[in-house]
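>>> I'd like to go over a predicted model; first the sequence, then the structure.
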Amino acid sequence: MSAAILEVEGLAKLYPMKRGLVVSRTIGTVRAVDGISFRLARGETLALVGESGCGKSTTARLVLRLIEPSAGVVRFEGMDITEMTGAPLRRLRRKMQIVFQDPFASLNPRMTVGDILEEPLIVHEIGDAAARKARVSQLLKLVGLSDYHATRFPHEFSGGQRQRVGIARALAVEPSLVVCDEPVSALDVSIQAQVVNLLKDLQTRLGLSYLFIAHDLAVVKHMADRVAVMYLGRIVEIAGKDALFANPRHPYTRTLLSAIPRPDPHRRVARTIPGGDIPSPLNPPSGCRFHTRCAFATDVCRTDDPPPVELEEGHLVACHHVASLPPYEAAVGVRAPSAASVRRMALYAERRACVVETAG
């Protein structure tokens, strides 16, 4: 693996919950992110996946210093940025940019697209007016738009076009790291494919590193090099994409993968449905946080927090029973179509042939 562009160690974000209008008192603490660690190599895409509320987007904002961490260290290109302030932090922001989830809410509706793309250049004092105008034209072409789009406002674009503008804005100051916070979840499926392919093409052309936040595992499988699975503020498994999808080792990862829709109606999938509801981050369970929903939980899971164990190179799992879990099988077999189904398909083919012959 190449040198790391981003290293995260013991990162945490705690939100105190207060009650009272006149005299407020703390009644608890929400552990949005609770001691996670990972690394991102230069030119790599690391996907953070998990259910809504597990801490993915909070992690993204912590990495970019959009919110302040409660604990932990974030190193970018070898520099500890958690204590960085003032001019050094401002210069750093040129190298770390973000593409937001909602392409409409993240763009100023009172500014034209040209002004939106020029704004980061003005903020970081890059070029004169003529150079900035040329850069705006270059950015529009880079994401598949045209020069005339610069005079339009965000409401005049489709969702996919607005997200292209968001990507162009992130690339305006030539960053080396781009955090993609669910960049396709608000788009139609056909547009999702276009935006994902655009991101991959830009990564190849510009040598970008992506921290890709998502909950759609089909998109992750196409986009990521490695995957980190989060549950209730913790990373429970991290591995290369191929290894994780072929042989997930944590019970929660298996649950997520079993929920992926399969287009083949004759392929029976072994569904893993966890019991109970997701615990509140205000009062997380003791021990392993997944033990309240895990079919393999024992007494040790309820009392001891499992440390991450490296099973193979780069494949870490935080589970007490990872060595004794049954083998993972994505599907339990292919069901032969019933006789009635065969007759219906034959009848449809016969009718289709008659229609084609008549049309001819």
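Nice, I can see it.
>>> drop to CA atoms for contacts and neighbour counts, all remaining ones
OK.
>>> tally of neighbours for Ser190?
Neighbour count of Ser190, defined by other C-alpha atoms under 10 Å: 9.
>>> sec struct for it, please.
The three-state assignment at Ser190 reads helix, by DSSP: H, G, I helix; E, B strand; the rest coil.
>>> ditto for Phe212
Look at Phe212: counting by three-state DSSP, its state is strand.
>>> where does pLDDT dip in the stretch 201-350 of the chain?
Within the stretch 201-350 of the chain, the ranges that satisfy pLDDT under 70 run 262-276, 329-350.
>>> 90 instead, please
Low-confidence segments of the stretch 201-350 of the chain, defined by pLDDT under 90, are located at 215-219, 222, 255-285, 293-297, 312-314, 323-350.
>>> which phi and psi does Gly78 have?
Dihedral angles phi and psi of Gly78 (degrees, to the nearest 10) take the values phi 80, psi -10.
>>> for it, report the pLDDT, please.
The predicted structure scores Gly78 at 90 on the pLDDT scale.
>>> for it, which residues are in contact?
Shown here is Gly78, whose contacts under the criterion C-alpha atoms under 8 Å, 6 or more residues apart in numbering are 5-7.
>>> top of the residues you listed by neighbour count?
For those, counting by other C-alpha under 10 Å, the largest number of neighbours falls to Leu6: 21 neighbours.
>>> who does the host helix or strand of that one pair up with?
With the criterion set as DSSP states H and E, the secondary-structure element containing Leu6 is strand 4-19. Paired with strand 4-19 in the same sheet, following DSSP bridges, are strand 25-41 (antiparallel), strand 71-76 (antiparallel).
>>> could you export the contacts of Gly78 as TSV, including distance to Asn283 and pLDDT?
Formatted as TSV, the contacts of Gly78 follow (distance: C-alpha to C-alpha, whole Å; pLDDT from 0 to 100):
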residue	distance to Asn283	pLDDT
Ile5	34	95
Leu6	30	95
Glu7	28	96
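>>> hang on, isn't Leu244 packed against Val227?
Yes: with contact defined as C-alpha atoms under 8 Å, Leu244 reaches Val227; the gap is 7.4 Å.
>>> more neighbours, these two?
Neighbours were counted for Leu244 and for Val227 using other C-alpha under 10 Å; Val227 has more, 27 against 22.
>>> hang on, the more buried one in a strand?
Yes: when the secondary structure is assigned by three-state DSSP, Val227 falls within a strand.
>>> didn't it look like it was pressed against Glu44?
No: in terms of C-alpha under 8 Å, Val227 does not count as a neighbour of Glu44; the distance is 11.0 Å.
>>> ok, back up a step: which other residues reach the strand holding Leu6?
Strand 4-19 is contacted by residues 24-42, 58, 63, 68-78, 177, 209 when judged by C-alpha under 8 Å, 6+ apart.
>>> let me see the ranges of the strands in the chain.
In the chain, the segments counted as strands under DSSP state E are 4-19, 25-41, 45-49, 71-76, 79-80, 96-99, 177-181, 209-213, 226-231, 234-240, 267-269, 309-312, 315-317, 331-334.
>>> so which of the ones you listed gets nearest Val220?
Among these, the nearest to Val220 by C-alpha to C-alpha is strand 45-49 (6.6 Å).
>>> go through that closest one and flag the buried ones.
By neighbour count on 16 or more other C-alpha atoms under 10 Å, the buried set for strand 45-49 is 45-49.
>>> and which of the residues you listed is nearest to Gln138?
Nearest to Gln138 among those is Thr45, at 24.6 Å by C-alpha to C-alpha.
>>> for the buried residues of strand 45-49, work out which two are farthest apart.
The largest distance within the buried residues of strand 45-49, taken as C-alpha to C-alpha, falls between Thr45 and Val49 and amounts to 12.6 Å.
>>> got the angle between the strand holding Leu6 and strand 209-213?
Our comparison of strand 4-19 with strand 209-213, counting by axes from the mean of the first three to the mean of the last three C-alpha atoms, to 10 degrees, yields an angle of 30 degrees.
>>> on that earlier part again, what sits in contact with each of Leu244 and Val227?
Each of Ile238 lies in contact with both Leu244 and Val227 under the rule C-alpha under 8 Å, 6+ apart.
>>> picking up where we left off before, now distance to Pro154 too, for the contacts of Gly78, in a markdown table please.
Listed next are the contacts of Gly78 as a markdown table, based on distance: C-alpha to C-alpha, whole Å:
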| residue | distance to Pro154 |
| --- | --- |
| Ile5 | 33 |
| Leu6 | 32 |
| Glu7 | 35 |
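>>> for the stretch 51-200 of the chain, which segments are assigned as helices?
Defined through DSSP state H, counting those that start in this stretch, the helices belonging to the stretch 51-200 of the chain, from first to last, are 56-63, 86-92, 113-123, 129-142, 159-171, 189-206.
>>> cheers, nothing more for now.
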